[in-house]
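S.K.: sequence plus the predicted model coming up.
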Amino acid sequence: MKPIIRAFNVTQETWQLKKPFIIARGSRTATKTITVHITENGFTGRGEAVASPRYGETDELVLKELQHVSHAIEQGICREELHSLLPASSARNAIDNALWDLEAKLSKIDIGISSKLGWPTSVSTVQTVSILTPHEMHKEAKLLEKFPVIKVKLNAQHIIERVQAVHQGAPEAKIIIDANESWDINILNSVSDQLEKYGVVMIEQPLKAGDDAHLIDYTGLLPIFADESCHTVKDLPTLKGLYKGINIKLDKTGGLTEGLKLFKAAQDMKFDIMVGCMLGTSLGMAPALFIAQHAKYVDVDAPALLAADHNFGLTIQNGLVSELDQRLWGA
């Protein structure tokens with residue numbers, strides 16, 4: 001059998017944001033991406049990584065991981081074999097998704113068919129409001145008043161005032177709160193009942209990952225979703241009975257391969273599904289859209305936060321994501 005010979009290349013880019021993006025852990029005015037390019041028989045598959053400091057990642061460490069497996073990739077390693085070489089990480093995410101893209105091009109079978117999820121044509125996403133003063137958040141929400149769902153970043157300060165301001169700015173929109181691990185169980189219990197009257201429908205990762213057991217003392221009715229506490233299938237058993245749903249991010253799962261396994265296992269265990277993203281480009285969002293079209297909540301708004309994007313990128317209008325262009329990824 002003729003051996004598989006591939007070319008493996010990595011590029012880095014910096015993308016400016018339209019405005020500062022502020023969450024409980026900090027702020028940024030730009031985001032950096034690392035893109036894997038795998039070429040075989042004249043076809044190139046691409047996948048994107050965004051290093052997450054929250055999980056101990058830096059661009060340098062991601063590049064080191066990519067270099068570590070570059071020879072194996074060039075010699076034709078498959079996606080399942082990749083999982084034995086790299087842990088769930090943004091580096092594995094980029095390679096895994098590049099291999100999906102390459103396989104689609106070589107086989108001429110698009111990922112909607114090979115994944116059995118269908119091609120994403122109609123996905124609705126939240127738009128995110130960063131942590132600002134209540135007055136500034138009200139103004140931001142006014143710009144999003146036609147969105148069906150708005151995601152609100154919060155820390156432990158001025159919780160009710162900020163949510164009330166967003167609700168007044170977009171009174172018809174449902175609100176998802178993302179506290180990014182900045183609350184404790186006492187804060188959660190003290191605010192949860194008040195939040196319902198301001199259109200809040202879900203709270204995402206209020207407590208620190210590792211403190212999940214404290215949710216046994218949660219007294220509110222709003223559903224709680226796990227984000228930082230859920231990376232792969234192995235995390236699900238410890239979350240059962242504490243969280244109503246999970247947030248699947250491919251940079252956490254290490255690519256679409258594990259993302260699909262997590263999606264199916266979570267469904268079997270009766271978790272609700274949210275699909276989220278890191279602060280990446282449309283190339284980074286594209287693989288997630290295949291799962292997102294079957295999720296209860298979707299947060300793939302990162303392209304709308306960028307000052308510029310890839311060619312054939314996604315557009316978002318009043319929460320509706322444009323159909324994935326086959327020239328970008330997956331076909």
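M.R.: Now that the structure is in, tell me what you want to look at. Numbers count the residues shown, from 1 in each chain.

S.K.: ranges for the strands of the protein?
M.R.: With DSSP state E as the criterion, the chain has strands at 7-23, 26-40, 43-49, 123-124, 127-129, 149-153, 174-178, 200-204, 224-226, 245-248, 272-275, 297-298, 316-317, 320-321.

S.K.: looking at the ones you listed, which is closest to Leu143?
M.R.: Proximity of those to Leu143 was assessed by CB to CB; the nearest stretch is strand 127-129, lying at 8.8 Å. C-betas here are computed from N, CA, C, even on glycine.

S.K.: quick one: Ala266 and Ile273 touch, right?
M.R.: Yes - between Ala266 and Ile273 a contact is recorded at 6.0 Å, counting by CB atoms under 8 Å.

S.K.: on that earlier part again, which one of the strands of the chain lies closest to Ser89?
M.R.: Across the strands of the chain, the minimum distance to Ser89, taken as CB to CB, is reached by strand 43-49, at 8.2 Å.

S.K.: return the distance of stretch 157-165 from the chain's centre.
M.R.: Once both centres are worked out by CA atoms, centre = their mean, to the nearest Å, stretch 157-165 turns out to sit 25 Å from its chain's centre.

S.K.: could I get it in PDB with only the CA atoms?
M.R.: Only the C-alpha atoms of stretch 157-165 are listed here, as PDB (Å, rounded to 0.1, in the frame of the first residue of the first chain):
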ATOM      1  CA  GLN A 157     -20.400  42.900  41.600                       C
ATOM      2  CA  HIS A 158     -23.600  44.800  40.800                       C
ATOM      3  CA  ILE A 159     -25.300  41.600  39.500                       C
ATOM      4  CA  ILE A 160     -28.900  42.700  39.700                       C
ATOM      5  CA  GLU A 161     -28.200  46.200  38.500                       C
ATOM      6  CA  ARG A 162     -26.400  45.000  35.400                       C
ATOM      7  CA  VAL A 163     -29.000  42.400  34.500                       C
ATOM      8  CA  GLN A 164     -31.800  44.900  35.100                       C
ATOM      9  CA  ALA A 165     -30.100  47.400  32.800                       C
END
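
S.K.: what's in contact with it?
M.R.: When contacts are defined by CB atoms under 8 Å, 6 or more residues apart in numbering, stretch 157-165 is touched by residues 131, 134-135, 137-138, 141, 152, 154, 175, 177, 187, 191, 194-195, 198, 200.

S.K.: quick check, nearest of those to Leu279?
M.R.: Ranked by distance to Leu279 (CB to CB), those are led by Ile131 at 14.7 Å.

S.K.: quick one: the closest one from Asn180, how far?
M.R.: Ile131 sits 9 Å away from Asn180, taking CB to CB, to the nearest Å as the criterion.

S.K.: great, nothing more from me.
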